[in-house]
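Colleague: Coordinates for the following, if possible.
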Amino acid sequence: MTLKQTLIAIDELDNGSVNGEQVKKLFSSYPDVTFTVTKVTGEKGSTDFIKILIPGTNGKSSGGDAPTFGIVGRLGGIGARPSRIGLVSDADGAVAAVASALKLADMQTKGDKLKGDVIVTTHICPDAPTRPHEPVDFMDSPVDILAMNTHEVVPEMDAILSIDTTKGNRVINHKGIAISPTVKEGYILRVSEDLLRIMEMATGKFAVTFPVTMQDITPYGNDLYHINSILQPAVATDAPVVGVAVTAQSIVPGCGTGASHEVDIADAVRFAVEVAKEATNGTCAFYDAAEFDRITSLYGSMKILQTSGK
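Modeller: Prediction:
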């Protein structure tokens, strides 16, 4: 059950003065969880990056060798104050990340500890700027994508789910969640069969996927169109990255308020938690390693797509 944690996270983040230290208090009753807050200031303001480590029974943080799983909540900001009042649609990634960490932390107190570590990262900014984008305006961020990836993509992560609101487009017309193909080292690979299986189990519905283009997996700032920042973590790591999009049937701007749907976010949280269980236990593969070796031997490295290009 993840709706409880989702509601707690929404209630905490829907606040004009919320910051990382305030979110940290939600985890004060979980002594095994490590919570780090880092305030970063950019040209357009500041934000608090948070990193939450939920240790596993055989996790690398305690000298073990179980895989480390990463959950990244991607967003520009949770609010666009003073131009918008309240929680914006773009906040769903942060809400899902905090709720996922709360659920995993609570599981530990009840004897359900995962084998490997889980690292959850996102950032808390209730007054982020907005910027023009087609077909609807985007939320902007007080810091650039390089700073985001520096604080949100942790080297220890062996596989990453990047959760992001993805409603401001015409290519996904489904309300709920959808997943992307796996992106690794500049390659867009096939959709993971394990993730499809887990998604159908966690939602009780047919799996839904969304298209990814070459532009989407290149870094921001190169004047190419990006559906949004959901796959920006893939430019900062060699680990496989899969986007988890919180979606809508209609086109919803990232800066729109009253557009965060608790049940849809809870689906993303439930999916992330179930993937965390299997990824840290070695029973969920984000990609076929042998096939990746084959494609790179045939066509070479595509890491140039992780850079700003020539």
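Colleague: hey, what's the residue lying closest to I160 once chain neighbours are set aside bridged with?
Modeller: Excluding its sequence neighbours, the residue lying closest to I160 (C-beta to C-beta, 6 or more residues apart in numbering) is G70, at 4.1 Å. For the C-beta atoms, the positions are set from N, CA and C on the backbone; glycine is no exception. On the basis of DSSP bridges, G70 is bridged to I119, I160.
Colleague: from here on, count from 18
Modeller: Will do, 18 is the new start, and the previous item becomes G87.
Colleague: Please identify which helix or strand holds S158.
Modeller: Assessed by DSSP states H and E, S158 sits outside every helix and strand.
Colleague: ok, the nearest residue to it once chain neighbours are set aside - contacts?
Modeller: Leaving out its chain neighbours, the residue that sits closest to S158 by C-beta to C-beta, 6+ apart is G93, at 4.2 Å. Contacts for G93 (C-beta atoms under 8 Å, 6 or more residues apart in numbering) come out as 107, 142, 145-147, 155-158, 246, 271.
Colleague: does G93 sit in a helix, a strand or a coil?
Modeller: Using DSSP: H, G, I helix; E, B strand; the rest coil, the structure places G93 in coil.
Colleague: which residues are contacting stretch 125-135?
Modeller: Contacts of stretch 125-135 (C-beta under 8 Å, 6+ apart): 47, 49-50, 70-78, 81, 83-88, 118, 121, 124, 173, 293-294, 296-299.
Colleague: Which stretches in the stretch 168-317 of the chain count as strands?
Modeller: Applying DSSP state E, counting those that start in this stretch to the stretch 168-317 of the chain gives strands spanning 176-182, 193-196, 200-201, 204-205, 258-264.
Colleague: Out of the ones you listed, the one nearest R287 is which?
Modeller: The minimum distance between R287 and those falls on strand 193-196, with 9.4 Å, by C-beta to C-beta.
Colleague: Which strands and helices lie in contact with the closest one?
Modeller: Here strand 193-196 touches helix 210-220, strand 258-264, helix 279-298, going by 3 or more C-beta pairs under 8 Å, 6 or more residues apart in numbering; DSSP states H and E.
Colleague: Let's see that with 6 Å instead.
Modeller: In terms of contacts (3 or more C-beta pairs under 6 Å, 6 or more residues apart in numbering; DSSP states H and E), strand 193-196 is packed against strand 258-264, helix 279-298.
Colleague: from these, which stretch is densest packed?
Modeller: Compared across these, strand 258-264 shows the largest average neighbour count, a mean of 28 (mean count of other C-beta atoms under 10 Å).
Colleague: what angle sits between that one and strand 176-182?
Modeller: 20 degrees (axes from the mean of the first three to the mean of the last three C-alpha atoms, to 10 degrees).
Colleague: that older thread, which of the strands of the stretch 168-317 of the chain sits closest to H278?
Modeller: Closest to H278 of these is strand 258-264 (C-beta to C-beta; 8.0 Å).
Colleague: I'd like the distance from that closest one to the chain centre, please.
Modeller: Relative to its chain's centre, strand 258-264 lies at 7 Å (C-alpha atoms, centre = their mean, to the nearest Å).
Colleague: how about F303, what does it touch?
Modeller: By C-beta atoms under 6 Å, 6 or more residues apart in numbering, F303 lies in contact with 176, 199, 209, 257.
Colleague: Let me see the contact set for the second one.
Modeller: For T199, the contact set (C-beta under 6 Å, 6+ apart) comprises 206, 209, 257, 259, 303-304.
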